[in-house]
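Undergrad: any chance you could fold what I've pasted below:
(one chain, ligands or ions: 1)
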Amino acid sequence: MLVLKFGGTSVGSVENMTHVKNIINDCTKKVVVLSAMSGTTNALVEISEQIRLKDSESALVLIQQLANRYQNTIEELLNDSALINESQEYVHQVFKGLIELVDLEHTELTYSKVVAQGELLSTFLFSRFLMQEGINAALLPALDFMRIDNNDEPDSFYIKQNLNRILYENNEADIYITQGFICLDVQGNISNLQRGGSDYTASIVGAAIEADEVQIWTDIDGFHNNDPRFVENTTAISNISFDEAAELAYFGAKILHPQTVIPVKDLNIPVRLKNTMSPDSYGTLITHHVHGEGIKLSRQKTVFMLLR
Ligand code: ASP
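TA: Numbers count the residues shown, from 1 in each chain. Now for the predicted structure:
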């Protein structure tokens, strides 16, 4: 089975959600891990910050702005009245929950509760969209299986046991949707795998189910031979090793969460970076092997050099 993770841009508009639907709807069973819609987690971090600063007015304005965005998304995404009603009710409950946090004392748990809502919203709406389109999908709450231990490391045994049980119980579904980023901590409180952590969720899930491949779908064709944010005419690198990918990620290549390769490396599960906007492009395949092409990071100069 494959694990596919789609980033914030990939689920950031109805048009892009439609691309995602077309990519995943190929009659093969898969787990789909979603980020929050683009901009949402940043907005939630800001809401949490305004609550911490006791600026209730600003927090409420930001909550209202975000709520409006989700109401608009529902109107654009769905046309089935039962699914619209159910989604409106869900979104209403999420934002009601945020409003209830505004005048309470801000703790670390407040932050965790607030920032978790993005992935809960995106997966709920996307799963309803798939239902509307007649796709046999099941929404599997990440909080039912994703847990970190005392050292904030994924609790692999717990995750493996619970995820495989849940997949077995939902065997009739073709597509399993779940939230990236969020998890429970060892006390059972809501927590997360740090910003950008949905990639890490995908590889943890990939390792737990011994997936054939983990695919990270973003808005760029994989790792480039230079940083496309600063250098023109960069090209995608088709094959790199786990170690090179980890090194690039640690040294700031924003495309991949630095810990992503860790859970899958020893199991030799390939990680493929793909572009949702250009699904036919090869992207970058990360394995133990490097096929004559590689990338080396010069730590001193922090430049990427292509080795041929
Ligand atoms: N939504 C979270 C963030 O923006 C996690 C993720 O997208 O990977 O950091």
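
Undergrad: show me what from the stretch 51-200 of the chain comes close to the ligand.
TA: Listed as neighbours of the ligand in the stretch 51-200 of the chain under the rule CB under 6 Å from any ligand atom: 118, 180, 181, 195, 196, 197, 198. For the C-beta atoms, the positions are set from N, CA and C on the backbone; glycine is no exception.

Undergrad: ok, and the most crowded of the residues you listed?
TA: Each of those was scored by neighbours using other CB atoms under 10 Å; the highest score is residue 180's, at 32 neighbours.

Undergrad: taking the residues of the stretch 51-200 of the chain next to the ligand one by one, which sit in helices?
TA: Residues of these located in helices (DSSP state H): 118, 198.

Undergrad: can you tell me the element the residue lying closest to residue 267 once chain neighbours are set aside falls in?
TA: The shortest distance from residue 267 to any non-neighbouring residue, by CB to CB, 6 or more residues apart in numbering, is to residue 207 (5.7 Å). Counting by DSSP states H and E, the element that carries residue 207 is helix 198-208.

Undergrad: next one: residue 4
TA: Using DSSP H and E, residue 4 falls within strand 2-6.

Undergrad: over to residue 286?
TA: strand 284-287.

Undergrad: report pLDDT for the residue in the stretch 51-200 of the chain positioned nearest to the ligand.
TA: Nearest residue of the stretch 51-200 of the chain to the ligand: residue 198, at 3.2 Å (CB to the nearest ligand atom). With respect to pLDDT, residue 198 scores 97.

Undergrad: from residue 188, how far out is residue 155?
TA: Note on residue 155: its distance to residue 188, by CB to CB, to the nearest Å, is 12 Å.

Undergrad: so which of the two has more stuff around it?
TA: residue 155 (21 against 9).

Undergrad: give the contact list for the more buried one.
TA: Neighbour list for residue 155: 147, 148, 149, 186 [criterion: CB atoms under 8 Å, 6 or more residues apart in numbering].

Undergrad: what segments of the chain are strands?
TA: Along the chain, the stretches classed as strands by DSSP state E are 2-6, 30-34, 137-139, 175-179, 182-184, 190-192, 213-218, 239-241, 271-275, 284-287, 294-298, 303-307.
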